[in-house]
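Chemist: just need the structure, nothing else, for what follows:
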Amino acid sequence: MLLPFAILLIAGIAAGFAGGLFGIGGGFVVVPALVLILPLLHTPPEMVTHLAVGTSLATIIFTSIRSVRSHARHDSVDFALLRQWAPWIVVGTAVGAWIADLVSSSMLALIFGCGVLAFAAHFLVPALNERRVSDTMPGGAARIGLAGGVGLLSALLGIGGGSITTMVKTMCGSPIHRAIGTASGMGVIIALPGSIGFILIGMGEKGLPWGSLGYVNIPAALAIIATSVLAAPLGVAAAHKLSPLLLRTVFGMYLIVVGVTMIANS
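Modeler: So this is what the prediction gives:
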């Protein structure tokens, strides 16, 4: 029992650092780690990915708060955008949790892997990561669609929506550091309703490991949170010292590794 939680503490450090560095909630670190560790806690195979995604969302609440506060000190968080997008993100997150309840664990893992690889392409292909479609963020129906889509995909993938937000903001002319800082604020907006959704859809399931509240495993979440909140400011500090090109390249390569790993284990 000690080994799995020792690994979770290490995963928390990696998730917190990645969250601060890339403006993500850490789900791209936490979900793969949980997929490998949860079977050691006697989790039935058909529940592994759902429990990994739900637990990841719970950890993102705290990692995101820590990360966005650090980015705000550098004046790199667009709080007006977060307020405008929040209602539609919550709606999309609820729909994403509902869809997750309809698919199998292996299908959810496949969705995760394919989604991650799609995001990697944006940051690694010059024609994509240098493309600008607008100089301002969209409003009206486009905003509703994008915000709802961010919430839906994030709930399915167990992420804080940071990668999607960073992609959208850079395509709309935002500097990479401000895009990352704003993206870090999406975590709480997505993770709070998302984790509640996974708790609800997992209630009453038989065979969940000890300490699980629906599809959220509380001991695993606490182990990750304990170290991720300490590491997040270190990632923020690193983000503001690295070049935009290096940030995009490192982020993209990281996503490829995660995506291939999840597809191979789906």
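Chemist: show me what contacts the residue nearest to Leu40 when sequence neighbours are not counted?
Modeler: Residue nearest to Leu40 in three dimensions, not counting chain neighbours: Pro4, with 4.7 Å by C-beta to C-beta, 6 or more residues apart in numbering. (Glycine included, C-beta is placed from N, CA and C.) Contacts of Pro4 were listed using C-beta atoms under 8 Å, 6 or more residues apart in numbering, and they are Ile37, Leu40, Leu41.
Chemist: so which of the residues you listed are in strands?
Modeler: Judged by DSSP state E, strands contain none of the contacts of Pro4.
Chemist: can I get the residues you listed in TSV with neighbour count?
Modeler: Shown next, in TSV, are those (neighbours: other C-beta atoms under 10 Å):
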residue	neighbour count
Ile37	21
Leu40	13
Leu41	20
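Chemist: would you turn those into JSON lines with pLDDT?
Modeler: Converted to JSON lines, these look like this (pLDDT from 0 to 100):
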{"residue": "Ile37", "pLDDT": "85"}
{"residue": "Leu40", "pLDDT": "84"}
{"residue": "Leu41", "pLDDT": "83"}
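Chemist: may I see those residues organised as a markdown table, with distance to Ile225 added?
Modeler: Converted to a markdown table, these look like this (distance: C-beta to C-beta, whole Å):
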| residue | distance to Ile225 |
| --- | --- |
| Ile37 | 15 |
| Leu40 | 20 |
| Leu41 | 17 |
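Chemist: so how far is Thr166 from the residue nearest the centre of the chain?
Modeler: The centre of the chain sits closest to Ile159, judged by C-alpha atoms, centre = their mean, with a distance of 1.9 Å. Distance, Ile159 to Thr166, by C-beta to C-beta, to the nearest Å: 12 Å.
Chemist: find the nearest non-adjacent residue to the residue nearest to the centre of the chain, please.
Modeler: With sequence-adjacent residues excluded and distances taken as C-beta to C-beta, 6+ apart, Ile159 is closest to Gly27, at 3.4 Å.
Chemist: just to check, that neighbour is in contact with Ala58?
Modeler: No: the pair Gly27 / Ala58 is not scored as a contact, 10.6 Å apart, by C-beta atoms under 8 Å.
Chemist: roughly how far does Cys114 sit from Thr49?
Modeler: 13 Å.
Chemist: could you check which of these two is surrounded by more residues?
Modeler: Using other C-beta atoms under 10 Å as the criterion, Cys114 and Thr49 rank with Thr49 on top: 30 against 14.
Chemist: look at the more buried one and report its pLDDT.
Modeler: For Thr49, the model assigns a pLDDT of 90.
Chemist: picking up where we left off before, out of the contacts of Pro4, which is nearest to Pro138?
Modeler: Nearest to Pro138 among these: Ile37, at 39.3 Å, using C-beta to C-beta.
Chemist: surely the closest one touches Leu9?
Modeler: No: using C-beta under 8 Å, Ile37 is not in contact with Leu9; the gap is 11.1 Å.
Chemist: now the farthest one out in this structure, which residue is it?
Modeler: Most peripheral residue of the chain (C-alpha atoms, centre = their mean): Lys206, 26.9 Å.
Chemist: secondary structure class for that residue?
Modeler: Under DSSP: H, G, I helix; E, B strand; the rest coil, the three-state class of Lys206 is coil.
Chemist: residue boundaries of the helices in this protein?
Modeler: 2-22, 27-37, 48-72, 79-100, 105-124, 126-129, 140-157, 162-171, 176-184, 186-202, 218-239, 244-264 (DSSP state H).
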